[in-house]
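Undergrad: coordinates only, sequence not included:
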């Protein structure tokens, strides 16, 4: 299958790299790593076994790729406004588009200009990050849950098979919306608390009784919005599951924390802003999520120098 | 009047220093500044006019002071457990005790071992901080609201007169409880947001729409607890007043921020923990205050090295 990976960061390189190794004709749109990959290929240091792809088809411009059977869009949610122009040159009459991006309201954005019946999403549960140019570290997990924008389960199954054949654990979601909300029931508490609690990993969060209570509260609030949005999630059971899963992760840095530590824009709108606006539209009270949104949004701006710290007067 | 200042930080030195200048027989219990003050006296650089007290009666041990007419206790709320042993040597049969401390449930603590009928509180609205040893900076304001633990307004008036004669603007509270809650309606939003929003002043808070909304929410929640606790506060009017007052303060650093930046323990239990426990006891929902408590408490521990930042695994 002819595949274009748009946004070849850690996720794009890991999944695209394994699809290439499985024999597919994969083309990578790259920015930071382009020269290194052209020169030395792509190195994936993986918990499933390292591999090295030589002669990677890497490009700096999507027009050089042209139409493909499948677009794997792994842009950061913060780059969503650039997605259309990056993807359009790769669209043919039968192209399917698979988003592998964090956050809420990702697919509706694409559905404004891409046929909904060929739009799918892969929700990755994976620990990976970029190393030096041309190197990706895959540290743990790798499971992807696939869903179709209109819940065409057969299409989701076909894409899942593609990834299963490349060696990944896969699942198929009967409802993409529910799958998105379930992923948010992890990202909203844990990704965002790592930032507002001062740049710490999931281990420090779970070691603190107060932060653990906050995490639980954020999961419950998110679950309530999800169910008001049409899902049928057993919220308390999901709280227990999320807490138990997180306890097995060790000192885990979500991508939001990695971006924050690197002073890059964090996915605050995709992970907090969009769900909060959905909660408000549905009339579901989410005071903890709201506070988290305002704090994390501000901390992101402060972190990137958009807000300057002042100090002139002192006192009580 | 023979006066003992217990806890001669910025507040103790400013108010005690002005009482000494007004002719009272003031004795200061000091720690950090003791040697400097004994050698060079006390220098107050004040927006009301600088002054220099020579031959200050400064001590390192309260038994050297002995019984006084009035004890001014200006310890940090974090030192409240040490208060009894520091104050006891200064208590005579008619001694009055005036606390000048932040937070909630301060006086009930003293009332466990000091006669309630001679227990008063002064709530200072002042910008001051310590400079090099022996120097205090008084930057702005200075008004003190006095209340009596059993709301004996006549006694509060007498103490207020003492401070008025020393040149301070004073007020007398008909209800100490209400005065405490009103002060918390400023401290809970502004002191604690300066910490959770990444160590910024009130100016950056007010310049951010989201943080301003959080501040308003925290004032409303605090006011609801206050009214459930027996106060009669017009909450919305107080929100507007607090926001307007804060807008005049410029880039103001509350003492909590100064302590946080100095990596000292912050008054998180006095300013957030005690009010939150009161809210819980009264059954008033305060989700934003609760979140703020858990975050700020954790950030304080992280800031002082009680929690260590980890990083081993990375990813999404």
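TA: Arrived safely, thanks for sending. Model, not experiment: these values are computed from the prediction.
Undergrad: switch to C-alpha atoms for all contacts and neighbour counts from now on
TA: Noted.
Undergrad: all helices for chain A, in order.
TA: With DSSP state H, the ranges of helices along chain A come out as A:10-21, A:34-40, A:83-87, A:106-111, A:153-165, A:176-186, A:192-196, A:202-207, A:209-228, A:235-247, A:255-261, A:268, A:274-282, A:287-303.
Undergrad: what packs against the fifth one?
TA: Where contact means 3 or more C-alpha pairs under 8 Å, 6 or more residues apart in numbering or on different chains; DSSP states H and E, helix A:153-165 is packed against strand A:135-148, strand A:170-172.
Undergrad: sorry, back to before: just say which of the helices of chain A is most tucked in.
TA: With neighbours defined as mean count of other C-alpha atoms under 10 Å in any protein chain shown, the helices of chain A peak in mean count at helix A:192-196, which reaches a mean of 25.
Undergrad: show residues contacting that one.
TA: Residues outside helix A:192-196 that contact it (C-alpha atoms under 8 Å, 6 or more residues apart in numbering or on different chains) are A:200-202, A:205, A:211, A:215, A:253-254, A:256-257, A:260, A:268, A:292, A:295-296, A:299, B:196-197, B:295.
Undergrad: show the contacting residues for residue A:10.
TA: A:128, A:129, A:130, A:136, A:137.
Undergrad: the second one against residue A:135, yeah?
TA: No. Counting by C-alpha atoms under 8 Å, residue A:129 stays clear of residue A:135, with 9.0 Å between them.
Undergrad: for the stretch 1-150 of chain A, list the residues in contact with chain B, please.
TA: A:124, A:125, A:126, A:127, A:128, A:129, A:138, A:139 (C-alpha under 8 Å from any C-alpha of the partner chain).
Undergrad: tell me the most packed of those residues, by neighbour count.
TA: residue A:128 (27 neighbours; other C-alpha atoms under 10 Å in any protein chain shown).
Undergrad: tell me the bridge partners for that residue.
TA: residue A:138 (DSSP bridges).
Undergrad: unless I'm mixing things up, it is touching residue A:45, no?
TA: No. Counting by C-alpha under 8 Å, residue A:45 is not a contact partner of residue A:128; they are 9.6 Å apart.
Undergrad: what's the overlap in contacts for these two?
TA: Here residue A:128 and residue A:45 have A:136, A:137, A:138 as joint contacts, going by C-alpha under 8 Å, 6+ apart.
Undergrad: could you chop chain A up by domain?
TA: A:2-174, A:178-303 (automatic domain parsing).
Undergrad: name the residues of the stretch 151-300 of chain A found near chain B, please.
TA: The stretch 151-300 of chain A comes close to chain B at residues A:196-201, A:203-204, A:208, A:210-211, A:214, A:250-256, A:258, A:287-288, A:291, A:294-295, A:298-299, as judged by C-alpha under 8 Å from any C-alpha.
Undergrad: same thing but at 6 Å, please
TA: Selection of the stretch 151-300 of chain A residues close to chain B by C-alpha under 6 Å from any C-alpha of the partner chain yields A:200, A:210, A:251, A:252, A:253, A:254, A:255, A:294.
Undergrad: shaky segments in chain A?
TA: By pLDDT under 70, the weakly predicted segments of chain A are A:311-316.
Undergrad: could you find the closest non-adjacent residue to the one residue sitting closest to the centre of it?
TA: In chain A, the centroid-proximal residue (C-alpha atoms, centre = their mean) is residue A:102; its distance is 2.9 Å. What sits nearest to residue A:102 in space, not counting adjacent residues and going by C-alpha to C-alpha, 6 or more residues apart in numbering or on different chains, is residue A:77, at 6.2 Å.
Undergrad: with residue A:289 instead?
TA: residue A:218 (6.2 Å).
Undergrad: can you tell me how far the one you found is from residue A:185?
TA: Using C-alpha to C-alpha, to the nearest Å, residue A:218 is found at 8 Å from residue A:185.
Undergrad: residue A:169 touches residue A:146, doesn't it?
TA: No. Here residue A:169 does not reach residue A:146: they are 10.9 Å apart, not a contact under C-alpha atoms under 6 Å.
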